[in-house]
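K.L.:
mind looking at a prediction? Sequence and model below.
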Amino acid sequence: MINKDYLYEKKYNDINTFKIETESTYFFYRSNETRSHYIVNNIKNKYINTKFIELKIIENEKDIIIDKETNKKYNLRNSNNIFELINNYQSSTIYIDTTGMNNRIVASLLNNSFLLSKNRQIEINIVYVEPYIYNTELFKLEGVSNDLSEKIDGIEPLPGFASIIPYTDEMLFVALLGFEGGRFSYLLEQIQPQKDNIIPIVGVPGFRIEYPFITLLGNKMPLDETRAWERIKYIAANSVVDVYFFLKKLLLKSPENNRIVLAPIGTKPHAIAAILFAIKNPRQVEIVYDNPKRKINRTDGEGQIIVCNISSLLREN
């Protein structure tokens with residue numbers, strides 16, 4: 001596969017070289033991990049004409065976020081609500097810093113900003129700050145699911161991605177794996193795909209060189225039980241673009257009426273690629289997600305910064 005990263009993605013090893021468009025809008029979310037506000041803390045004073053908009057979850061109200069600039073609430077499952085949030089700032093370029101956001105927020109912002117861009121010109125960019133290190137000690141045990149997540153809330157569609165298309169024996173089940181083998185086992189039990197149609201994706205080389213091996217160890221049990229290890233694909237762990245093009249190639253090889261079911265349970269860049277691919281191919285691609293509740297202090301430090309122009313990626317592919 002020809003590497004097309006350079007067309008749509010930029011990677012920065014130094015915050016001092018990181019740049020954004022002036023007079024843009026930059027959406028971000030402060031989680032308990034310092035990397036989620038690393039960029040804003042370091043560049044906000046340099047971009048006085050850029051609007052930095054902090055979002056926050058309303059804990060006791062499902063899928064409700066608040067814009068801390070206006071103190072107004074928005075429902076992630078209501079497209080008109082999210083259109084209003086984005087239109088409030090009238091920028092032609094927006095950045096969505098996904099580092100601290102859960103996948104429900106990311107899915108809604110990406111889907112609705114893409115829909116909005118069909119009516120007015122918006123260039124949409126995602127930003128992600130890799131961790132310097134994951135706290136991975138327990139992942140060397142088979143099937144551990146409780147070390148990065150406190151619990152799994154169960155399968156529920158991401159906002160804007162509900163599907164009523166029935167499963168078939170021919171569907172492909174693509175699992176974008178992380179360290180937590182328990183999550184993979186749970187989804188296999190719930191979805192029950194044909195064993196020969198399971199395609200696991202493992203990120204390489206990973207943010208650190210040992211991470212792919214920890215992923216394989218953590219997922220050893222479900223990989224062995226389904227013999228899915230025979231069909232493992234290795235794709236750059238921090239690349240939205242590489243995964244997107246792999247999925248595109250996979251869909252082209254599939255029968256016309258076949259479906260691809262994506263389980264984004266690995267890295268955030270892989271999850272973003274799955275969401276974008278489902279946005280682009282809504283009739284053939286479904287996302288299943290187990291909605292984990294994350295533990296505090298899963299990672300330490302800040303690593304590479306990744307920026308992807310998703311408008312160009314979706315427009316041209």
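P.N.:
Now that the structure is in, tell me what you want to look at.

K.L.:
who are the contact partners of Leu176?
P.N.:
With CB atoms under 8 Å, 6 or more residues apart in numbering as the criterion, the residues that contact Leu176 are 201, 203, 243, 262-267, 270-271, 273-274. For every residue, glycine as well, the C-beta is placed using N, CA and C.

K.L.:
with distance to Leu115 and pLDDT as extra columns, can I get these in TSV?
P.N.:
As requested, the contacts of Leu176 are arranged in TSV below (distance: CB to CB, whole Å; pLDDT from 0 to 100):
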residue	distance to Leu115	pLDDT
Ile201	27	97
Gly203	29	92
Val243	22	96
Leu262	20	97
Ala263	24	96
Pro264	20	96
Ile265	26	94
Gly266	26	91
Thr267	25	91
His270	23	96
Ala271	19	97
Ala273	19	97
Ala274	18	97
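
K.L.:
which one of those residues is nearest to Lys195?
P.N.:
Lys195 has its nearest neighbour among the contacts of Leu176 in Ala263, at 15.1 Å by CB to CB.

K.L.:
hang on, the closest one packs against Val288?
P.N.:
Yes: here Ala263 lies in contact with Val288, judged by CB atoms under 8 Å, at a distance of 5.3 Å.

K.L.:
overlap of the contact sets of the two?
P.N.:
Shared contacts of Ala263 and Val288 (CB under 8 Å, 6+ apart): 187, 191.

K.L.:
out of the two, which sits in the busier spot?
P.N.:
For Ala263 and Val288, the more surrounded residue by other CB atoms under 10 Å is Ala263, and the numbers stand at 29 against 20.

K.L.:
sorry, back to before: now, the contacts of Leu176 that are in helices?
P.N.:
The members of these that map onto helices under DSSP state H are 243, 270-271, 273-274.

K.L.:
check these and tell me the two furthest apart.
P.N.:
Maximum pairwise distance in the ones in helices among the contacts of Leu176, criterion CB to CB, is 9.2 Å, between Val243 and Ala271.

K.L.:
now the helices for the stretch 51-200 of the chain?
P.N.:
Secondary structure of the stretch 51-200 of the chain (DSSP state H, counting those that start in this stretch): helices at 79-87, 103-116, 181-191.

K.L.:
residues making contact with the longest one?
P.N.:
Contact with helix 103-116 is made by 27, 29, 55, 57, 63, 65, 76-77, 79, 82-83, 86-87, 94, 96, 98, 101, 122, 124, 126, 158-161, 264, 268, 271-272, 275-276, 279, 287, 289, 291, 310-311, 314, as judged by CB under 8 Å, 6+ apart.
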